[in-house]
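Visitor: Build me a structure from this.
(one chain, ligands or ions: 2)
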Amino acid sequence: MGRVVYKSLPDMSKARDRVSNPSVIFDKLEFSDFIKEYGKGKKFFIKTHGCQANVRDEEIMAGYLLLCGFCRTFEPSEADIAIINTCAVREGAEDKIYGEIGTFKANKKKNPNFILGVCGCMMQQEGVAEFLTKTYQHISLIFGTHNISRLIDLIEEHIKTKKVIVEVKSCAGDIIENLPSCRLDNFKASVNISYGCNKFCTYCIVPYTRGKERSRPIQEIINECKALVESGYKEITLLGQNVNSYGKDIPDGPNFAVLLEEIAKLGIPRLRFMTSHPWDFSDDMLQVIAKYPNIMKCIHLPVQSGSDNILKKMGRRYTSEEYLALVKKIKTTIPGVALTTDIIVGFPNESEEDFLGTLKVCEAVKYDQAFTFIYSPRKGTPAAAIKDDVTAETKHERFNRLIKLVEEHVVENSNKMIGNEYTVLVDGPSKKDSEILSGYTETSKMVNFKGPAYLKGCIVNVKITENHAFSMTGELLDDPIIVKAKELKTVIDKEPCVIEYLDLKNKISNDTDLKQIRSEILKIEKDLRTANSTKEIKDRLKELNEKYASHPLIINLSFVEEKVKDLMKTIVGELQ
Ligand code: 5AD
Ligand code: SF4
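Guide: Ligands and ions are numbered 1, 2, ... in the order given. The predicted structure is shown next:
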């Protein structure tokens, strides 16, 4: 038997499957004693490329590894196990990954037991796994987007057999619930609401790499969001390739508007969602977004192109006129809404006229942000088979014209923010200057302003003073100590030891035995102040005090007091 075990390999024709019915499977999270012993003291590192769905997969993989006793490192050279989580949306992302795989040769040299796993969307493409195993001798595992919950079993199999294990399924995909998770942020969270995509835009690899569109059961999403609210999260982003298709695969299931409303009602301070497809953006959704102040007034609405000819070839299911009508409806229903988009330049045979159509849509919408891409052919997609007559030079020239126009609109919109006040969720000190805090407004505009680092994770009021196009400068309007004190109060009130402490205090003040002892002690103490004390009285007082101190409620109180004191020490540490 060779050094590589190909348990399964991707197959683009199977990846197109939209007939099979995915199941909902609850992971039992059972792991062998072998792997739990192996994981002790070993460090893992994960590098993620691509979109939010991949970032969420990283959090889930980290959750699995932590459950098996591995600990996390953010330093690749320290890792005993490293995982590269790949993206396949455009070619550029792939080239970077080959270079990165190479850098882990050093880990293998230092530690022959080092494990390198490569996973994610790129692995779902035919031929990639075979190429990687042939080219790089230090890869230990290759797995795909449908195999995340198999991570621990695959690692165990590799350790026991010393073989390279390749397991990439091409299928509709199941819905796995009860997934472990170690979130990268402790105040902003992403929550998957659906997986996969059924739209099959002709340029896009995602429907093949992520499978059939399948919605998570609403109650599972609610439970996940509820737990996030209870643990103090400030912002939830509901994730799906097409959030507005949510529930369409569940007979009589709730739609996205219903789900969005249910989550908004849980009381998360900021609720976002992405991505919305212009084709099935419902009026109900708009009404819910407009109704709830905690749903951020910021909609990512990829247009991809402004030419009807190209939109048709892309399989986008709308014309530029329909798109603009939707934009108009959104802007009238939600005043002040920020609109962002994705645009592809240089789709095969895009003419100058087609491109001018895209510029025209940009002029009409005046996006607050646009993610612009040069078309990249993806093997296996229908567009990749189209013979293209547009030169790379023309594509780059158009691309530059587009970003210039987008920037003009961004600047124009941002200028209107100067002098106004906005709420900002603080991400923490800015990367460039530790004295400056950085955060985002409700409309996803980045703002930098002076303030103490302990405001990280707080929502503050900021007045905008300067416009730098893609970020703004502002002034903190709140007293930081008061903001933090209010924040800490809500945290403290929810701490189990504080709840236990307050409950015990209440029980102690109402307990009849303790009440009687207290009143006798008070009476004796009062008598002692006016009359001479006798040994008998003193002994009685001592006996009462001892009885009081040895009461189970009082003993419990002293234990809980210690826990509360430890909590206070942590809080003081946070403020320093
Ligand atoms: N080439 C260029 N850009 C692409 N995108 C998706 N596929 C391609 C491709 N083949 C862009 C789209 C999508 C975003 C996530 O990536 O604009 O909305
Ligand atoms: Fe790709 Fe289109 Fe699906 Fe978006 S909607 S993931 S662009 S196929």
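
Visitor: hmm, who's touching stretch 376-387?
Guide: Residues outside stretch 376-387 that contact it (C-beta atoms under 8 Å, 6 or more residues apart in numbering) are 12, 88-92, 125-126, 202-205, 208, 313-315, 347-349, 375, 388. Placement of C-beta: from N, CA and C, glycine included.

Visitor: which parts of the strand or helix carrying Ala53 are buried?
Guide: Taking DSSP states H and E as the definition, Ala53 sits inside helix 52-67. By neighbour count on 16 or more other C-beta atoms under 10 Å, the buried set for helix 52-67 is 53-67.

Visitor: from those residues, which single one is nearest ligand 1?
Guide: Ranked by distance to ligand 1 (C-beta to the nearest ligand atom), the buried residues of helix 52-67 are led by Ala53 at 10.3 Å.

Visitor: wait, what's in contact with the closest residue to the closest one other than its chain neighbours?
Guide: Spatially, and ignoring its direct neighbours in sequence, Ala53 is nearest to Leu239 (6.2 Å; C-beta to C-beta, 6 or more residues apart in numbering). Residues in contact with Leu239 (C-beta under 8 Å, 6+ apart) are 52-53, 56, 190-193, 273-274.

Visitor: filter these by proximity to ligand 2?
Guide: Among those, no residue lies close to ligand 2 (C-beta under 6 Å from any ligand atom).

Visitor: Any chance of TSV for the residues you listed, columns distance to ligand 1 and pLDDT?
Guide: Shown next, in TSV, are the contacts of Leu239 (distance: C-beta to the nearest ligand atom, whole Å; pLDDT from 0 to 100):
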residue	distance to ligand 1	pLDDT
Gln52	10	95
Ala53	10	96
Arg56	15	97
Ser190	15	98
Val191	19	98
Asn192	16	98
Ile193	17	98
Phe273	15	98
Met274	10	97
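
Visitor: quick one: which of those residues is nearest His468?
Guide: Nearest to His468 out of those is Met274 (C-beta to C-beta; 24.4 Å).

Visitor: For Pro496, give me the pLDDT.
Guide: Here the pLDDT value assigned to Pro496 is 85.

Visitor: and the spatially most central residue of the chain, how far is that from Arg272?
Guide: Central residue of the chain (C-alpha atoms, centre = their mean): Ser190, 2.9 Å from the mean position. Distance of Ser190 to Arg272, computed by C-beta to C-beta, to the nearest Å: 9 Å.

Visitor: how about the residues of the chain that lie near ligand 1?
Guide: 89-90, 203-204, 302, 304, 342, 344, 373, 375-376, 378.

Visitor: would you list every one of the strands in the stretch 301-450 of the chain?
Guide: Counting by DSSP state E, counting those that start in this stretch, the segments of the stretch 301-450 of the chain that form strands are 338-345, 369-374, 421-429, 436-441, 446-450.

Visitor: tell me the mean pLDDT over the first one?
Guide: It refers to strand 338-345. Mean predicted confidence for strand 338-345 is 98.

Visitor: same check, this time on the longest one
Guide: Regarding strand 421-429, the rounded mean pLDDT is 97.

Visitor: Adjacent strands (with direction) for that strand?
Guide: If you go by DSSP bridges, strand 421-429 pairs up with strand 436-441 (antiparallel), strand 459-467 (antiparallel).

Visitor: Could you say which of these is packed most deeply?
Guide: Mean neighbour count (mean count of other C-beta atoms under 10 Å) peaks for strand 436-441 among the strands paired with strand 421-429, with a mean of 22.

Visitor: any idea of the angle that strand forms with strand 446-450?
Guide: Counting by axes from the mean of the first three to the mean of the last three C-alpha atoms, to 10 degrees, strand 436-441 lies at 150 degrees to strand 446-450.

Visitor: The strand or helix carrying Lys96: which residues count as buried?
Guide: Assigned by DSSP H and E, Lys96 falls within helix 91-103. For helix 91-103, the neighbour count (16+ other C-beta under 10 Å) marks 93-94, 97, 100-101 as buried.

Visitor: how close does whichever residue of the stretch 451-576 of the chain sits closest to ligand 2 sit to Gln369?
Guide: Ligand 2 sits closest to Phe470 of the stretch 451-576 of the chain, with a gap of 23.7 Å, by C-beta to the nearest ligand atom. Between Phe470 and Gln369 the computed distance is 8 Å (C-beta to C-beta).

Visitor: Now do the shared contacts for those two.
Guide: Contact criterion C-beta under 8 Å, 6+ apart; residues shared by Phe470 and Gln369: Val410.

Visitor: check contacts around the residue of the stretch 401-550 of the chain found nearest ligand 2.
Guide: Ligand 2 sits closest to Leu402 of the stretch 401-550 of the chain, with a gap of 17.9 Å, by C-beta to the nearest ligand atom. Going by C-beta under 8 Å, 6+ apart, Leu402 touches 343, 345, 355, 358-359, 362, 370, 372.

Visitor: ok, now Asn461?
Guide: Asn461 neighbours (C-beta under 8 Å, 6+ apart): 421-424, 476-478.

Visitor: Check the gap between it and ligand 1 for me.
Guide: 33 Å (C-beta to the nearest ligand atom, to the nearest Å).

Visitor: Distance check, that residue against Val447.
Guide: Asn461 is 11 Å from Val447, by C-beta to C-beta.

Visitor: what touches both of these two?
Guide: Common neighbours of Asn461 and Val447 (C-beta under 8 Å, 6+ apart) are 422, 424.

Visitor: quick one: average pLDDT of the strand or helix carrying Glu546?
Guide: Secondary structure from DSSP H and E places Glu546 in helix 535-549. Regarding helix 535-549, the rounded mean pLDDT is 91.

Visitor: mind checking pLDDT for Glu224?
Guide: So, for Glu224, pLDDT stands at 98.

Visitor: Which other helices and strands does the next helix or strand after the helix holding Lys96 contact?
Guide: Next helix or strand after helix 91-103 toward the C-terminus (DSSP H and E): helix 105-110. Packing partners of helix 105-110 (3 or more C-beta pairs under 8 Å, 6 or more residues apart in numbering; DSSP states H and E): none among the helices and strands.

Visitor: After helix 105-110, which helix or strand is next? Please name it.
Guide: Following helix 105-110 in sequence, per DSSP H and E, is strand 115-120.
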